[in-house]
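>>> sequence first, then the predicted structure, then my questions.
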Amino acid sequence: MKVYITQQIPEITEKMLRELGHEVDVNQQNKILSKQELITVLKAKPYDGVVCLLTNTIDGEVFDAVPTAKIFANYAVGYNNIDVVEANKRGIIVTNTPGALTDAVAEHTVALIMSVARRVVESDKYLREGKFKGWEPLGFLGLDMKGKTVGILGAGRIGFRVGQILHKGFDMNVIYYDVKRNEMFEKDLDAKYFESLEELLKVSDIVSVHVPLLDSTKHLINKERLQMMKKTAYLVNTSRGPVVDETALVEALKNGVIAGAGLDVFENEPALAPDLADLSNIVITPHIASATVHARNEMATLVAQNIIDFLEGKVPANKVIA
């Protein structure tokens, strides 16, 4: 069978497929293909499967370009880049990589929380610029974690792991909001469920976002909801950029509506909202929350296994249902 990989990922995927005799082509340019470039590449051969990334828009036009491909394996947990409804209509399987990056993303989330709340990046810059003249009793005062409240938006694997680290490691109180309750949150983390997002925002010292990008979650955090947060609170987003209205966040940070923010994802990646990068009360990282050797290799293994299972006539374990 013939498989195309849209960008270079850990070689495990290619190796697993080749060991079973499948032909694998990889985009060797190590750049993100535009949709038109991808369509042109996919028309070149009768590929049976495609490994794609969040940076690839996969829709009806792409499906038309390679009608022989009946599986699109996304190298990611999220799959908002793929028109899953259209895929299902055409009998095309879509898969993702859940679980492989849970710990990595959760740990990076906590790193962002600590970095912005303890003003690590801000004070690092201050020191490097030669401004440090000695210990200052009022210098770079931040937020201590113990006894504070973290509000988690999205009660999935990653949200749970973040809550677990903060509750058991930092003695923080956990509250959460989701479309449905999660008994594991309440049993293992002694977490309180909030039916109202607005009420959760009002009492949280840290708000950590872990929801998928859907029509209902785009700009879930907007100007009005930012104004509901405490002035001393911090917002951290490692889910999807458009969940937060980035322009509204910039204004909120400029005007002291909230104390600070940590972002690993952005509304219009790779572009940033104007003035975002100039703010001192935000820590930003270039979509690297899952960037550990273990996590990325596990994702590559899952991607390969999803395709192998499909090509062998099995239902992939990580099939996405629209």
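Arrived safely. Computed from a predicted structure; not experimentally measured.
>>> helices along the protein, start to end?
12-19, 35-42, 60-65, 84-89, 102-117, 120-128, 157-164, 170, 183-188, 197-203, 223-226, 246-254, 293-311 (DSSP state H).
>>> of all those, which one is nearest residue 75?
When these are ranked by proximity to residue 75, the top entry is helix 293-311, at 5.2 Å, counting by Cβ to Cβ. From N, CA and C alone the C-beta is placed, and that goes for glycine too.
>>> so how far is the closest one from its chain's centroid?
Distance, stretch centre to chain centre, for helix 293-311: 18 Å (Cα atoms, centre = their mean, to the nearest Å).
>>> so how far is residue 232 from residue 252?
13 Å (Cβ to Cβ, to the nearest Å).
>>> repeat that for residue 208.
16 Å.
>>> out of those two, which sits in the more crowded spot?
residue 208 (29 against 12; other Cβ atoms under 10 Å).
>>> quick one: the more buried one and residue 155 touch, right?
No - applying Cβ atoms under 8 Å, one finds residue 208 not in contact with residue 155, separated by 11.4 Å.
>>> dump the residue contacts of the closest residue to residue 202 other than its chain neighbours.
Leaving aside its chain neighbours, residue 202 sits nearest to residue 228 (5.4 Å; criterion: Cβ to Cβ, 6 or more residues apart in numbering). Residue 228 makes contact with 198, 201-202, according to Cβ atoms under 8 Å, 6 or more residues apart in numbering.
>>> who wins for neighbours among the residues you listed?
Neighbour-wise, these (other Cβ under 10 Å) top out at residue 201, 24 neighbours.
>>> measure that residue to residue 232 for me?
Distance from residue 201 to residue 232, by Cβ to Cβ: 13 Å.
>>> over to residue 251?
For residue 251, the distance to residue 232 - Cβ to Cβ - is 18 Å.
>>> look up the closest residue to residue 292, ignoring the ones flanking it.
Per Cβ to Cβ, 6+ apart, closest to residue 292 is residue 104, 4.5 Å.
>>> wait, the one you found touches residue 297, no?
No - look at residue 104 against residue 297 with Cβ under 8 Å: they stay out of range, at 10.9 Å.
>>> the more surrounded of those two?
Using other Cβ under 10 Å as the criterion, residue 104 and residue 297 rank with residue 104 on top: 22 against 16.
>>> which residues touch the more buried one?
Counting by Cβ under 8 Å, 6+ apart, residue 104 has contacts 289-292, 294-295.
>>> ranges for the strands of the stretch 151-300 of the chain?
173-177, 192-193, 206-209, 234-237, 260-263, 282-284 (DSSP state E, counting those that start in this stretch).
>>> and for residue 8, the neighbour number?
13.
>>> for this protein, which spans come out with low pLDDT?
Counting by pLDDT under 70, the chain has no low-confidence residues at all.
>>> quick check: domain ranges of it?
2-100+293-311, 102-284 (automatic domain parsing).
>>> now tabulate the ones you listed in TSV and tack on distance to residue 320.
What follows is those, written out as TSV (distance: least, Cβ to Cβ, whole Å):
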stretch	distance to residue 320
domain 2-100+293-311	4
domain 102-284	11
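>>> so which of those domains is nearest residue 318?
Among those, domain 2-100+293-311 sits nearest to residue 318 (Cβ to Cβ), with 4.6 Å.
>>> quick check: phi and psi on the residue nearest to residue 202?
phi -80, psi -20 (degrees, to the nearest 10).
>>> if I look at it, how far off is residue 71?
43 Å.
>>> ok, residue 47 touching residue 2?
Yes - between residue 47 and residue 2 there is a contact at 4.8 Å, judged by Cβ under 8 Å.
>>> circling back to that earlier point, closest one to residue 317 among the domains of the chain?
Using Cβ to Cβ, the domains of the chain put domain 2-100+293-311 closest to residue 317, at 6.9 Å.
>>> which residues does residue 196 contact?
Contacts of residue 196 (Cβ under 8 Å, 6+ apart): residue 177.
>>> and it, how close does it get to residue 177?
Taking Cβ to Cβ, one finds residue 196 at 8 Å from residue 177.
>>> how many neighbouring residues does residue 239 have?
28.
>>> what's the answer for residue 33, then?
Neighbours of residue 33 (other Cβ under 10 Å): 20.
>>> do you know how far it is from residue 93?
From residue 33 to residue 93 the distance is 22 Å (Cβ to Cβ).
>>> try residue 50
Counting by Cβ to Cβ, the gap from residue 50 to residue 93 is 11 Å.
>>> of these two, who's got more company?
residue 50 (27 against 21).
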